[in-house]
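K.L.:
take this sequence and fold it.
(2 chains)
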Amino acid sequence: MRVNHYLEDKLLLFEITEELDHHEVERIRKRADYEIQRVMPKKVIFDFKKVSFMDSAGIGLIVGRYKFANLYGANTELINVNEKVRKIFEMSGVLKIIPIIDNYGSERIG
Amino acid sequence: MNRDIKNEMKIEFSSKSANEAFARISVAAFASQLDPTIEEIADIKTSVSEAVTNSIIHAYPNRDGIVKLSAKLLDDEIEIEVSDTGEGIENIEEAREPLFTTKGNLERSGMGFTIMENFMDKLKVESIVGIGTKVTMIKKIKKNKSLENTY
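P.N.:
Numbers count the residues shown, from 1 in each chain, chains lettered A, B, ... in the order given. Predicted structure coming up:
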C-alpha cells in the first residue's frame, strides 16, 4: 500500500497494491490506522486501481477504517473500483455509507 | 448428470493466512483445464478464498491445524471441497445468513457464505461441533459453444 498525504486538503489517500484477502488485510489495517491517527485527515480515500483480487476481508477492512476515520471526523470514499470488487461491496450494502466516487480527479491522482 | 471425473487433485496445508492466496491460485490453475472465462475464474478464486479463510479463522482460532482442499473436474463443472477438523459450526443456517459473524472483533464482515452462494452454482455446508466442517461448492463452466460450432 502506498500512502499519499495531501496536507492542503487534509486528505489521506491509500493506494492499495495488495490482493485484499484476510492475510494482507491484517497488515494494511495497522498501517492505515497509524496514518489516520498521525495525520488526522478530513477525508480518507482508498484507491482500488491496483486491486486485482478482493474477498469479504476487504469489506471488513473498509468498514473498519470508515469507523476509525469517523472518530476523527473524517469521511471515507473509494475510487477506481472495478466491476468485480464493486459487486462484492454491493452485496454487503456498505456502499450506502461509503460511496464509490467515479471519475475522481484523475489529473492529480494519476 | 454426467459424473465422469476427468481429473482430480488434493492439497493439504497448515491453517496459516499466507496459504489463502496459495489455495485460490492452485484451484484457479487446476480449473483452467476446463477453459473457463476470466469471470468464472474470478468467481472460483473468491469462493475458495472465503472457504479457506473460514477454516483458518474459525476452525482453528487458537492453534494451527490442517486444511484440506480438493477439486474434481467433470465434463462441464468443477467441484471443490474445503474441509477441516476444527471447532465446527453450531448453527449452519445462522452462519449462512448475510452479515452474520462471530468474529466482529476481528472486523469480519459476515459475508463469506453469501459470496460463495452468489459466485458458485451450488454450496453445501456440513459441520459437526468438535469434529470439523466441510464445504462443497460446484461451479458450472460454460463450454465455448462458438468454437464447437466452428468445427
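K.L.:
where does chain A have low pLDDT?
P.N.:
Residue ranges of chain A with pLDDT under 70: A:105-110.
K.L.:
ok, chain B next?
P.N.:
B:1-2, B:145-151.
K.L.:
please, where are all the strands along it?
P.N.:
B:7-14, B:66-73, B:77-84, B:122-128, B:132-140 (DSSP state E).
K.L.:
go on, chain A?
P.N.:
Along chain A, counting by DSSP E, strands occupy A:2-6, A:11-15, A:43-47, A:75-79, A:100-101.
K.L.:
for these, which one sits closest to A:Asp21?
P.N.:
strand A:43-47 (15.8 Å; Cβ to Cβ). Every C-beta, even on glycine, is put in place using the N, C-alpha and C of the backbone.
K.L.:
that closest one near chain B at all?
P.N.:
No: Strand A:43-47 does not reach chain B (Cβ under 8 Å from any Cβ of the partner chain); its nearest approach is 14.6 Å.
K.L.:
returning to what we had before: comparing the strands of chain A, which comes out most buried?
P.N.:
Most buried of those, by mean neighbour count (mean count of other Cβ atoms under 10 Å in any protein chain shown): strand A:43-47, with a mean of 22.
K.L.:
could you tell me the angle between that one and strand A:2-6?
P.N.:
Here the directions of strand A:43-47 and strand A:2-6 differ by 150 degrees (axes from the mean of the first three to the mean of the last three Cα atoms, to 10 degrees).
K.L.:
just the CA atoms of strand A:43-47, as CSV, please.
P.N.:
Presented in CSV, the C-alpha positions along strand A:43-47 are these (Å, rounded to 0.1, in the frame of the first residue of the first chain):
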residue,chain,number,x,y,z
LYS,A,43,-11.1,12.8,4.2
VAL,A,44,-9.7,9.3,3.6
ILE,A,45,-9.7,7.9,0.1
PHE,A,46,-8.9,4.2,-0.8
ASP,A,47,-7.7,3.9,-4.4
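K.L.:
sweet, I'm off.
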